[in-house]
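Trainee: Could you look at this predicted model? Sequence included:
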Amino acid sequence: MRAAPVTVTATRLDTLDVLEAEAIHIIREVVAEFERPVLLFSGGKDSVVVLHLAAKAFFPGRVPFPVLHVDTGHNFPEVIAFRDETVARLGVRLEVASVQDYIDDGRLHERTDGTRNPLQTLPLLEAIAAGKHDAVFGGARRDEDKARAKERIISLRDEFGQWDPRNQRPELWSLYNGRHTPGQHVRAFPISNWTELDVWRYLEREQIPLPPLYFAHEREVYARDGMWRAVGEFSPARSDETVERRVVRYRTVGDMSCTGAVESDAADLSSIVAEIARSTLTERGATRADDRISEAAMEDRKKDGYF
Amino acid sequence: MLTVHEAQRTGLESSTLFRFATAGSVDDGKSTLVGRLLHDSKAILADQLEQVARTSAERGFAHGAFDFALLTDGLRAEREQGITIDVAYRYFSTGNRSFILADCPGHVQYTRNMVTGATTADAVIVLIDGRKGVLEQTRRHLAVIALLRVPHVIVAVNKIDLLDYAEDAFARVAAQVETVTAELGIDDVHVIPVSALEGDNIVDRSDRTGWYEGPALLELLEALPGQDELESALDAFRLPVQLVLRPQGGLSPQVAEEDAESLRDFRASAGRISSGTVRVGDPVQIFPSGIRTTVSGLAVGGVPVDRAAAPQSVSVQLADDIDAARGAVIVAADTLPAGRREIDAELFQLDARPLITGARVLVKHGTATVQGVIAQIESRYDLDALTHEPADTLTANDIGRARVRLAADLPLERYSANRAGGSFLVIHPSDGATLAAGIVRD
């Protein structure tokens, strides 16, 4: 067969270099083309990476947009502390949308299963509207979930914040089309093409600070749904569940009420990289009760305007 | 911020990124091939496999057999209707490569999906059912790939197990592939006999095709050079400017105190290098003004470097106080592209609404968006006959030639010479939809 030889002068950029370059390009495109971008920031590792990339994209200037945290009221306290330290360290303005406020004044009602994750959508959409944000950065990755695998890097949302998976704009070359009409906004996902392992390798390479609960620590836990759940104000053990002390860490950081820990002695970033490379479970399969509701749980939440 | 040296020391120098797309229909066994690649490269984890096994069993698959399509069909409608609607992205890695796979459905809106997958791909795998040989659909896929100049084309002749692993059966299909790719002017073609179902020549070379001397599919994907290597090798440096970095909102708190004073008047043009290499001290010119200056400073992610190459995102300081803002392009001196107000274009019509002569549009090229008008639709490409037929309208999934007139000069380059300089989007001026993908003809 004709297989033409290709002559190449070697400028070898490794995977992380190329992914970083792509993410910084996306972040700068959005800042250049939109009036009022905002970054969804939970203190979780993915949004930490996006904020770090934004800091690099505009260095030596400040990150030219605020961050928005949708606070469910069920967050781990150490993650809230980390959030506040991080915005202070980078000189970024923090906006908070509080699910608790919505529950307190009756705009939202607590679910019978106690999870507040699906309740974030309304405060999120109202915060986007109130801030007149026309572009919303998120740390979602396509390897996380089958519905997210079909999401665009720049993804149009209608005035109700809805995602229409059957009517997405084609994504061609590196030309992102973020044009929208009044009321519409876009979600922008700079680390769409990163895997969980890429994120951890990058955190290690750049030595980026993280909330302490990503690292192995001893904690009071009980077994539920095949995961270790932390004992906490919003996640008490039932009478038939045995509380014990174990050395655990978190692979994802969500609400205390729906996020499980894994047994691990990985206490630093290089041990975590090694652990993730060996892992036989996906991060959501291992630790997220909210995604086990149904095969299409994520797709349904996304259509309604979720992250 | 890390120093360059530290970043390199802790980085994974051995892992490179490779993007590829798959084209073909379910009948050719594409989902099985993708599932097989992911499964055999251990990219499918236990909980995903368990979910697929459970759903496969519910749908009447034999015990232990997998409906691999369930791994890639992520949307409810896709699973319910048993079809793939949209391009899905998958990720896996081997020892020295990370792969991004754009899985393009073959039946529905095949041009739209193929174009989407092919514009970013370093390679495309076209799947053929070995029993059927090169079909109309194969020719169409290859025609789109040829126009979009995907660097490497791999034709996987599948179901070789059903052909009793016979060399002459494979040779017949390979000869058909040779004919059609020669006709289309595709010169980097690799043809591999595979069985996605049985795993022959997917990850490892098969004992059952002893007559085949080439590499297994994954072996080939690991060995082909990536697009970033090719773009860096192009000699003309091009940096479309995205924005100007000026610490108006104040300096980052991460700036060291002793550096703060010298950065008061910091000003740099930021963008992603679309081709070539740049060094501090290089003479450059700015499009559109043509003004000459010199690169006085260069940084990648805020870290000073003395050299950078495509596809890195950089910020460039220029020696003279020159304006290079969004829409400008910084290029190597004496390689300034001519500004052009008219494009001889090949258009890939993607929107459901027809594109007609006289339509007012927006054209996005690099970091510039300008007004335009479809001055004349000239012809439509007949993908079966591979001929151009006279036409004045392009409807969804049509490919055709047109002249596009622009309201301002753009630094258009031939797509065959420079993918980034020769590609653009045609956008609806009021609702913002992407109407067509365009490339600049030779």
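Mentor: Structure's in. What do you need? None of the values given here were measured: they were computed from a predicted structure. Numbers count the residues shown, from 1 in each chain, chains lettered A, B, ... in the order given.
Trainee: Please name the strands paired to the longest strand along chain A in the sheet, noting orientation.
Mentor: Longest strand in chain A, counting residues (DSSP state E): strand A:217-224. Counting by DSSP bridges, the strands paired with strand A:217-224 are strand A:227-230 (antiparallel), strand A:244-249 (antiparallel).
Trainee: Just name the most buried of those.
Mentor: Comparing the strands paired with strand A:217-224 by mean neighbour count (mean count of other CB atoms under 10 Å in any protein chain shown), strand A:227-230 ranks first with a mean of 21. C-beta: built from backbone N, CA, C; applies to glycine.
Trainee: how distant is it from the center of its chain?
Mentor: Distance of strand A:227-230 from its chain centroid, counting by CA atoms, centre = their mean, to the nearest Å, is 20 Å.
Trainee: Show the average pLDDT along that strand.
Mentor: Mean per-residue pLDDT for strand A:227-230: 85.
Trainee: Could you export that strand as CSV, CA atoms only?
Mentor: Output of strand A:227-230 as CSV, limited to C-alpha atoms (Å, rounded to 0.1, in the frame of the first residue of the first chain):
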residue,chain,number,x,y,z
MET,A,227,-19.4,3.5,49.2
TRP,A,228,-18.0,5.0,52.4
ARG,A,229,-20.1,7.9,53.4
ALA,A,230,-18.8,10.6,55.8
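Trainee: so B:Tyr91 makes contact with B:Ser98?
Mentor: Yes - between B:Tyr91 and B:Ser98 there is a contact at 7.3 Å, judged by CB atoms under 8 Å.
Trainee: can you list residues touching both of those two?
Mentor: Residues within reach of B:Tyr91 and of B:Ser98 at once, by CB atoms under 8 Å, 6 or more residues apart in numbering or on different chains, are A:Thr195.
Trainee: When those two are compared, which one has more neighbours?
Mentor: Relative neighbour count places B:Ser98 above the other of B:Tyr91 and B:Ser98, with 24 against 20, counting by other CB atoms under 10 Å in any protein chain shown.
Trainee: Chain neighbours aside, what residue packs nearest to that one?
Mentor: Leaving out its chain neighbours, the residue that sits closest to B:Ser98 by CB to CB, 6 or more residues apart in numbering or on different chains is A:Thr15, at 4.3 Å.
Trainee: you'd agree A:His74 is up against A:Phe234?
Mentor: Yes - contact between A:His74 and A:Phe234 holds when scored by CB under 8 Å: they sit 4.4 Å apart.
Trainee: Of these two, which one has the most company?
Mentor: Using other CB under 10 Å as the criterion, A:His74 and A:Phe234 rank with A:His74 on top: 22 against 17.
Trainee: shaky segments in chain A?
Mentor: For chain A, the stretches with pLDDT under 70 are A:1-11, A:280, A:282, A:284-307.
Trainee: tell me the strands in it, going along the chain?
Mentor: Going by DSSP E, chain A shows strands at A:37-40, A:67-71, A:94-98, A:135-137, A:154-157, A:185-188, A:217-224, A:227-230, A:244-249, A:262-263.
Trainee: and the fifth one, what does it pack onto?
Mentor: Counting contacts by 3 or more CB pairs under 8 Å, 6 or more residues apart in numbering or on different chains; DSSP states H and E, strand A:154-157 packs against helix A:15-33, strand A:185-188.
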